[in-house]
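S.K.: Generate a structure from the sequence data that follows.
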Amino acid sequence: MHEMTLVRKVVDLVLESCEGEDVARVRSVHLYIGDLHDVVDDFVPGLFQHLARGTIAESARITITHVPATVICNQCGFVFPLDPRDETTWKCPYCAARRDYRLYTGREFFVDSIEVEGLACAADERHVRAPDETKSRQDAEEAAGQDEVSASAAEAETRRVKEAMCA
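M.R.: Got it, this is the predicted structure:
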């Protein structure tokens, strides 16, 4: 049951992100999970509640957005959905190249946002991007042709959002 290990990391990340921020409680945690990650969705909320027992995150609602498996054709650059169990999807629909592609999306597993209550600036609810995102998030952004997001850049963005909310 690899879900336990993954969810333990999510709980740790959520608690670390809220540490020293005067957060009364965590309302929700939004996850992005790639379809190829082989995670049983039904286990995630219960495991989170169990592992977060006695913390500010114990009653957090878990929401999951699925990221479909897609590949990018090495011949023409077309991005298309892939079902590993269906051979009819193994061919590029644009140029007809067969099994000549690389993974584009589908292996993601990251915390997209944490909704909290009780920030020092007296707000009732806030969305704070987790400052330390997993390597899967960085891999997904690199695959999409975006710059790699560093932890310090994410922390700066979190500070900017909080300053804007408290202004």
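
S.K.: Output the below-cut-off pLDDT ranges for the protein.
M.R.: 1, 119-167 (pLDDT under 70).

S.K.: can we see that at 50?
M.R.: Applying pLDDT under 50 to the chain flags residues 120-167.

S.K.: Could I get the full set of strands for it?
M.R.: When assigned using DSSP state E, the strands of the chain occupy the ranges 25-34, 61-67, 70-73, 79-81, 101-105, 109-117, 126-128.

S.K.: My read is that His30 contacts Thr63, right?
M.R.: Yes - between His30 and Thr63 there is a contact at 4.9 Å, judged by Cβ atoms under 8 Å. C-betas here are computed from N, CA, C, even on glycine.

S.K.: Now the strands of the chain in TSV, please, with extra columns for distance to Cys95 and mean neighbour count.
M.R.: What follows is the strands of the chain, written out as TSV (distance: least, Cβ to Cβ, whole Å; neighbours: other Cβ atoms under 10 Å):
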stretch	distance to Cys95	mean neighbour count
strand 25-34	25	20
strand 61-67	24	15
strand 70-73	6	19
strand 79-81	10	15
strand 101-105	11	17
strand 109-117	31	20
strand 126-128	41	18
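
S.K.: Now stretch 51-64: buried residues?
M.R.: Going by neighbour count (16 or more other Cβ atoms under 10 Å), the buried part of stretch 51-64 is 51-52, 56-57, 60, 62.

S.K.: From those residues, pick the one nearest Gly34.
M.R.: Comparing these against Gly34 with Cβ to Cβ picks out Ile62 as the nearest, at 16.4 Å.

S.K.: ok, now how distant is the nearest residue to the closest one once chain neighbours are set aside from Cys95?
M.R.: Distance criterion Cβ to Cβ, 6 or more residues apart in numbering; nearest residue to Ile62, sequence neighbours excluded, is Pro45 at 4.4 Å. Remark: distance between Pro45 and Cys95 (Cβ to Cβ, to the nearest Å) = 42 Å.

S.K.: Compare these two (neighbour count), which wins?
M.R.: Per other Cβ atoms under 10 Å, whichever of Pro45 and Cys95 has more neighbours is Pro45, with 16 against 13.
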